[in-house]
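Undergrad: Got a predicted structure here, sequence first:
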Amino acid sequence: MRLLGLSAKACLNASVFWSGLGLASTIPLFLRYVLGEKKNLRRKSVIGIALLTITGFDLIPYAAMTATLHMLPADMEWWDSNQVSSWMGSLLWVPHHVAALTACMAGLLVFSSVDEESSLRQCAWVAVLTGLAFASSAGLSVYVTFTFAIFAVLWAVQLLFEKSVKTLITFIAAGAISLLLSWPYLLDLLSSAVPGFDHRWRSFVFFCVPRFPDCDSTSSKVRCSQSSSPEAVAVTDLPARVHS
């Protein structure tokens, strides 16, 4: 960033754009090469990409909150502490998670081109490219990659029952390459040499909400610790604070 004279904010905004473009690109690719759709591919792709802009029924509680509090919350999904973000919200809020998903989907797309009739050269290239994609995903979001890893194990078991030996070996090789490339990064995440590192969090955490202020949310029944910073505000507490 310093070399090109770009600010961190500009790079973050660019990541939002490229993450959305990559996510949209996976739809026609999977329609064509995974599902085998050839007829009306353009129309189906446009419909699939347009579906990314649709959210859930957040408009109903959002309208009720607006009418009750006489205010407009900054995000339509803040009415519930157990937020399930729309694609648009995820692209603006956590573009690295979406990019990790795109990387995993790209790896699966490459791997789908392998079968028992593939040559050894093709299997080797597929293993390398798939491993690079999965390793890139691990660098972007460990949680997204961890979810894909669970399904990868189940897929490997299915290949074993189907006796697809060449495909299974290629899949294992891709996983080994991915683990090898991402291993230094994973070690760095678990490193205790970082100043201020809390050794209690060395294990992998499935879900954690740290540094929230004292609060008692009646909607989520969650109590927050007293050692939290005063500048952190709970999502469910934001409308009340803004209103006051």
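TA: Noted; the coordinates are in hand.
Undergrad: Read off the pLDDT value for the residue most central in space within the chain.
TA: By Cα atoms, centre = their mean, the chain has its centre lying nearest to His97, at 2.9 Å. Here, the pLDDT recorded for His97 equals 90.
Undergrad: Check Ala232 too.
TA: For Ala232, pLDDT reads 40.
Undergrad: same deal with the one 5 residues further on?
TA: Reading off the confidence values, Asp237 has pLDDT 44.
Undergrad: Relative to Gly89, how far out is the closest residue to Ser15 other than its chain neighbours?
TA: Nearest residue to Ser15, sequence neighbours excluded (Cβ to Cβ, 6 or more residues apart in numbering): Pro95, at 4.7 Å. For the C-beta atoms, the positions are set from N, CA and C on the backbone; glycine is no exception. As judged by Cβ to Cβ, to the nearest Å, Pro95 and Gly89 stand 11 Å apart.
Undergrad: the more surrounded of those two?
TA: In this view Pro95 and Gly89 are compared by other Cβ atoms under 10 Å, and Pro95 has more residues nearby, 22 against 16.
Undergrad: thinking that one is in contact with Ser19, fair?
TA: Yes: with contact defined as Cβ atoms under 8 Å, Pro95 reaches Ser19; the gap is 4.0 Å.
Undergrad: which residues of this structure fall in helices?
TA: With helices called from DSSP state H, the chain shows them at 8-33, 41-50, 59-69, 87-93, 95-111, 120-140, 142-161, 165-189, 238-243.
Undergrad: Tell me which of the ones you listed sits most buried.
TA: Burial of the helices of the chain is given as mean neighbour count (mean count of other Cβ atoms under 10 Å); helix 95-111 ranks first at a mean of 22.
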